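Student: one predicted model, sequence on top.
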Amino acid sequence: MTKDINLSTLVIGYGNPGRQDDGLGPACADRIAELNLAGVTVETNYQLTVEDALELSRYQQVVFIDASLRGGKPFFLQQIEADDECPMSSHVLSPQAVVTLSRTLFSADTEAFLMGIRGYAFDRFEEALSPEAQHNLNQAFDYLASWLQSREKHRGHA
């Protein structure tokens, strides 16, 4: 599959904003979208889907953003790879499963990253982030915005 060189970076923020800190992924992605960075496309959803595999095959790199119950705080950013051993279901897909599908079905060589933003409150139906999660979101957003701008500048999109 030939890639369109204009499609540089896809950012996918996922999670349920109606479940408190589970909305960290979409909240961060929405803030990235407001920057209107050249070469960066932003999407949000409640969960990853098989259709995301086709979408990310069109990009040079993808950054998945999700709330994290574990891992470093305030956030982590790590490169991820396809994983043929990763469980797949049409109801629950991990970022690694989406990358695996994209590589298997579309021969994609998209560079993939996962940003996990530490969350704390997930038990109530409420569209509000906990104060601690809001603090982590601010730090994650600042880092990711700078990271994306640097990478896009290197690619010639800034």
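Tutor: Thanks, I have it. Numbering: from 1, shown residues only.
Student: which ones are touching Thr49?
Tutor: Counting by Cβ atoms under 8 Å, 6 or more residues apart in numbering, Thr49 makes contact with Leu93. Backbone N, C-alpha and C define where each C-beta goes, glycine included.
Student: confidence score at it?
Tutor: pLDDT, Thr49: 92.
Student: what's the answer for Arg70, then?
Tutor: Arg70 carries a pLDDT score of 81 in this model.
Student: now the one 5 residues further on
Tutor: Reading off the per-residue confidence, Phe75 sits at a pLDDT of 96.
Student: how near is it to Val98?
Tutor: 20 Å (Cβ to Cβ, to the nearest Å).
Student: the nearest residue to Gly72 once chain neighbours are set aside pairs with what?
Tutor: The shortest distance from Gly72 to any non-neighbouring residue, by Cβ to Cβ, 6 or more residues apart in numbering, is to Arg118 (7.3 Å). Under DSSP bridges, the beta-bridge partners of Arg118 are Ser68.
Student: neighbours around Arg118, how many?
Tutor: The number of residues packed near Arg118 is 23, by other Cβ atoms under 10 Å.
Student: now Gly15: phi and psi?
Tutor: phi 140, psi 170 (degrees, to the nearest 10).
Student: same check, this time on the one 10 residues further on
Tutor: Summarising the backbone geometry of Gly25 under the convention degrees, to the nearest 10, its torsions are phi -60, psi -50.
Student: thanks a lot, catch you later.
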